[in-house]
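J.: coordinates only, sequence not included:
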Ligand SMILES: C[S@@+](CC[C@H](N)C(=O)[O-])C[C@H]1O[C@@H](n2cnc3c(N)ncnc32)[C@H](O)[C@@H]1O
C-alpha cells in the first residue's frame, strides 16, 4: 500500500476528504509518527489507526492545515463593513449583545480581523460585541493569544491598519493594543463537540466545507443552523459551498454569506 491508498481508504473513517491531504509535508509528518510507533508499512499504520481511537484523534491533529491570514478574501471584509454588519445591527435590538463566533480560527488571524473591523467601524455605535474564537489545535490557540505574526500574514490587510494595530519588531508584527483579551478563546472540535449557541454570525472558512466529507458537512451545517439565532449569518470560505441537502436551512445571500431560513425578516 502507498501513501495515496492509505489516505483513500483511511481518511473517510475520520470524516475527511482524502485528496486534500495528498501533500509531501503531511506525508512526512505521518511517516515520523510511524517511526515513533515502530511501524514500517502503510497497511500496519492503517490497522493501528482503525483499531485505536486515540490514534485517530492524533492523526486528525497531524493532518490539520493551519494556514490563515488577516483580511483573507479582502472583498468579504469590505462587504461585511458596508453591508452585512449594518444589516445585522439593524435587525438586532440595541440592548442585545452581538455574538460572533470564528470556528476553526487558526492562530487568530480571522477573529482579530473581525475585531479590528469592529473597532474601526462599529465600536462607536454604542453596540456591544461578544467575539468567540475556537480551534481544535491548542498550539494554534497559544499562538493566537501571543498575537505575533510574520509579514506574510498581512498581505491582504490594508497597510494602514497593520501600522495602526501592530508593532514591527524586526520583521515580526505584535498586536499593539491588548485586543487579545477582548476575544473568548476556547479549544473546540467541530466534529465531536456541540457548538456555542445564540450566535448572530458564524465564520467557518476553509475547514468544514473544504476538508470534511459530505455527510459530516451536512451534520455540522445543521448544528450551525441551531447555533444561530433566526436570520443569523454563516460565512464560509471563498471556494466553499454548503452541501445541497441543507438548502432548506440556509439561503445564499451573497457568496460566501449565507442566512438562515426561518421566520421572514427575523434575526
Ligand atoms: C485552514 S485553517 C482556516 C483558518 C481560518 N478560518 C481561515 O479561513 O483563514 C483550518 C483550521 O481549522 C482547524 N481545525 C481542523 N480540524 C478541526 C476540527 N475538527 N474542529 C475545529 N477546528 C479544526 C485547524 O487547526 C486550523 O487551524
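T.: Received, thanks. From a predicted model like this one, the values you see are computed outputs, not experimental measurements. Residues are numbered from 1 along each chain as shown.
J.: Might you enumerate the residues of the chain proximal to the ligand?
T.: 64-68, 72, 104, 106, 109-110, 135-137, 140, 189-191, 205-207, 237 (C-beta under 6 Å from any ligand atom). Placement of C-beta: from N, CA and C, glycine included.
J.: mind checking the backbone torsions on residue 11?
T.: Note on residue 11: its backbone torsions stand at phi -60, psi -30 [degrees, to the nearest 10].
J.: just the strands in the chain please.
T.: 98-103, 129-135, 148-150, 166-169, 172-175, 183-187, 199-203, 228-235, 250-254, 257-260 (DSSP state E).
J.: now the residues of the chain next to the ligand: which count as buried?
T.: Neighbour-count burial (16 or more other C-beta atoms under 10 Å) applied to the residues of the chain next to the ligand gives 64, 68, 72, 104, 106, 109-110, 135-137, 140, 190, 205-207, 237.
J.: For the protein, give me the ranges with low pLDDT.
T.: Counting by pLDDT under 70, the chain shows low-confidence ranges at 263-267.
J.: Nearest the geometric middle of it, what residue?
T.: residue 104 (2.8 Å; C-alpha atoms, centre = their mean).
J.: excluding its backbone neighbours, what's nearest that one?
T.: Leaving aside its sequence neighbours, residue 104 sits nearest to residue 207 (C-beta to C-beta, 6 or more residues apart in numbering; 3.8 Å).
J.: now residue 246
T.: residue 221 (4.4 Å).
J.: Can you get me a residue count around that neighbour?
T.: 21 (other C-beta atoms under 10 Å).
J.: can you check residue 78 too?
T.: 12.
J.: Could you do residue 169 as well?
T.: 9.
J.: hey, what's it bridged with?
T.: residue 172 (DSSP bridges).
J.: Distance-wise, check it relative to residue 142.
T.: 19 Å (C-beta to C-beta, to the nearest Å).
J.: Same check on residue 207?
T.: Where residue 142 is concerned, residue 207 sits at a distance of 19 Å (C-beta to C-beta).
J.: Name all residues that make contact with residue 19.
T.: Contacts here follow C-beta atoms under 8 Å, 6 or more residues apart in numbering; on that basis residue 19 touches residue 7.
J.: I misspoke; the intended subject was residue 141.
T.: By C-beta under 8 Å, 6+ apart, the residues touching residue 141 are 105, 135, 185, 186, 187.
J.: on that earlier part again, is the residue nearest to the centre of the chain in contact with residue 208, as I believe?
T.: Yes: the criterion here is C-beta atoms under 8 Å, and residue 104 meets it with residue 208 at 7.5 Å.
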